[in-house]
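1. coords please:
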Amino acid sequence: MSKIKVAVFGCGAIAQRRHIPEYAENPNVELIAFADPVIERAREMAETYGGKAYSSYEELLANEKPDAVSVCAPNDLHAPMSIAAANAGAHVLVEKPMAGTEEEAKRMIEAAAGNGVYLMVAHNQRLMPPHVKAKELLDSGKLGRVLTFRTAFGHPGPEGWSVDGRDSWFFRKKDAIMGAMGDLGVHKSDLIRYLLGDEVAEVTGFIGTIHKEGTDVDDNAVCILRMKSGAIGTLTASWTQYKGGDNSTVLWCENGVLKIGTVNGDEVIVELTNGSVETYQVGAMATNEKQVPSGIIDAFVESIVTKTPPSISGEEGLRSLKVILAAFESQAMGQVIQLG
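-> Coordinates of the predicted model:
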């Protein structure tokens, strides 16, 4: 079959370190174009991987006919870029959070459906080997029902990751819309929904800017979630874990506890109430320092090749986003927010 022609909107860190190299590794893909307002970045990618460079996604779409597009731009551009790509007949892989509002996310879903293309959200936590194994163990029933949980994601902040360092769009509310919650928290709302096969019913959010100076976005959040099943737990997102960052989840179940990412080397640990302990070395999770493949690009390409709708769909992305938006509403209103 002919190769899938892919264009990338935004050539910052996530595009340079994950999307573009992973497309380049995929035998079904031809990278044809890159867009970035800093044209030098787009040119550098074009010189390295082939294809053409553009200073705007509008110009790219006016001159190219991609089969698929990755949207790797600041959060406020996710919706307009995704809708434009879908209207041009391209499948869309959009970084998280998929949008800044529920209305934008719905418009993205409608644009994809109306144009007969796929919309996938890059919630890569689902595809990381420890989480895949944990889901398998939970679904086996050996642990029984999940009763309580904690899930966390924290690191020192985007300044060490973003190509613009401390001047990154991540720290500007007009571009980012939200801070640590959009960067990390939404990954965990998606993960807990996926692992439990359950939806969030109620959210209380404690969200603030505790330590990052000169920014108008959140750098920390602790949320309390009640699932529809009745399970309760916490979700933490932090940009101020300057030492010993966290990407772990612990689930206390009827028949034992499931620990994910708590011990280096033993990525998944099951401790049953009967005294038995199982450990699984299934491979590390991707971090900013250690770029193991995310699995997202291959899953997106596989969907297109096999004409199978992506499991991490726009609808799934919206459900995970709504949890985060509810947490912000809770912080603003000082009350528990019910999710429909």
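2. show me the chain divided up by domain.
-> Domain assignment for the chain by automatic domain parsing gives 4-122, 125-293+321-338.
3. the first one: end-to-end distance?
-> With C-alpha to C-alpha, to the nearest Å applied, domain 4-122 spans 19 Å between its terminal residues.
4. related to what we said a few turns ago, lowest average pLDDT across the domains of the chain?
-> Here these differ in mean pLDDT, and the lowest is domain 125-293+321-338 at a mean of 94.
5. measure it end to end?
-> Termini of domain 125-293+321-338 sit 25 Å apart (C-alpha to C-alpha).
6. what's the answer for stretch 124-133, then?
-> Start-to-end, stretch 124-133 (C-alpha to C-alpha) is 14 Å.
7. cool, stretch 74-94 as well?
-> First-to-last residue span, stretch 74-94, C-alpha to C-alpha: 11 Å.
8. how far does it sit from the chain's center?
-> The gap between where stretch 74-94 is centred and where its chain is centred comes out at 16 Å by C-alpha atoms, centre = their mean, to the nearest Å.
9. what's the following helix or strand after the longest helix anywhere in the chain?
-> For the chain, the longest helix by residue count, based on DSSP state H, is helix 314-333. Sequence-wise, the next helix or strand downstream of helix 314-333 (DSSP states H and E) is strand 337-338.
10. in the stretch 1-150 of the chain, which spans are strands?
-> Assigned by DSSP state E, counting those that start in this stretch, the stretch 1-150 of the chain shows strands spanning 4-9, 29-35, 52-54, 68-71, 91-94, 119-121, 146-154.
11. who wins for proximity to residue 207 among those strands?
-> strand 146-154 (14.0 Å; C-beta to C-beta). For glycine as for every other residue, the C-beta is placed from the backbone atoms N, C-alpha and C.
12. residue contacts, the residue nearest the centre of the chain?
-> The C-alpha lying nearest the average C-alpha coordinate of the chain belongs to residue 123 (C-alpha atoms, centre = their mean; 3.3 Å). By C-beta atoms under 8 Å, 6 or more residues apart in numbering, residue 123 lies in contact with 96, 186, 187, 190, 191, 194, 296, 312, 316, 317, 320.
13. got it, and residue 23?
-> Residues near residue 23 by C-beta under 8 Å, 6+ apart: 6, 8, 29, 31, 49, 70, 297, 301.
14. make a markdown table from those residues and add distance to residue 250 and neighbour count to it.
-> Shown next, in a markdown table, are the contacts of residue 23 (distance: C-beta to C-beta, whole Å; neighbours: other C-beta atoms under 10 Å):
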| residue | distance to residue 250 | neighbour count |
| --- | --- | --- |
| 6 | 38 | 31 |
| 8 | 36 | 30 |
| 29 | 37 | 22 |
| 31 | 40 | 24 |
| 49 | 40 | 17 |
| 70 | 33 | 32 |
| 297 | 29 | 24 |
| 301 | 33 | 22 |
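15. which among the contacts of residue 123 end up buried?
-> 96, 186, 187, 190, 191, 194, 296, 312, 316, 317, 320 (16 or more other C-beta atoms under 10 Å).
16. please, which helix or strand holds the fifth one?
-> Assignment of secondary structure by DSSP H and E places residue 191 within helix 186-196.
17. chain center to that helix: distance?
-> 10 Å.
18. and the next element down the chain from it?
-> Next along from helix 186-196, by DSSP H and E: strand 200-208.
19. how about that next one: buried residues?
-> By neighbour count with 16+ other C-beta under 10 Å, strand 200-208 contains the buried residues 200, 201, 202, 203, 204, 205, 207.
20. give the contact list for the nearest residue to the fifth one once chain neighbours are set aside.
-> The shortest distance from residue 204 to any non-neighbouring residue, by C-beta to C-beta, 6 or more residues apart in numbering, is to residue 224 (4.5 Å). Taking C-beta under 8 Å, 6+ apart as the criterion, residue 224 is in contact with 203, 204, 232, 233, 234.
21. in JSON lines, list the residues you listed along with distance to residue 109.
-> As requested, the contacts of residue 224 are exported to JSON lines (distance: C-beta to C-beta, whole Å):
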{"residue": "203", "distance to residue 109": "22"}
{"residue": "204", "distance to residue 109": "27"}
{"residue": "232", "distance to residue 109": "30"}
{"residue": "233", "distance to residue 109": "28"}
{"residue": "234", "distance to residue 109": "29"}
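22. next, the contact list for residue 118, please.
-> Residue 118 neighbours (C-beta under 8 Å, 6+ apart): 91, 92, 112, 300, 303, 304, 309, 310, 313.
23. phi first, then psi, for the fifth one.
-> Note on residue 303: backbone dihedrals following degrees, to the nearest 10 are phi -60, psi -40.
24. before we move on, the earlier item: of the contacts of residue 23, which pair is most distant in space?
-> 49 and 301 (15.3 Å).
25. circling back to that earlier point, can you tell me which of the domains of the chain is packed in deepest?
-> domain 4-122 (a mean of 21; mean count of other C-beta atoms under 10 Å).
26. mind checking how far it is from the chain centre?
-> For domain 4-122, the distance to the chain centre is 15 Å (C-alpha atoms, centre = their mean).
27. likewise stretch 331-340?
-> So, by C-alpha atoms, centre = their mean, the centroid of stretch 331-340 is 23 Å from its chain's centroid.
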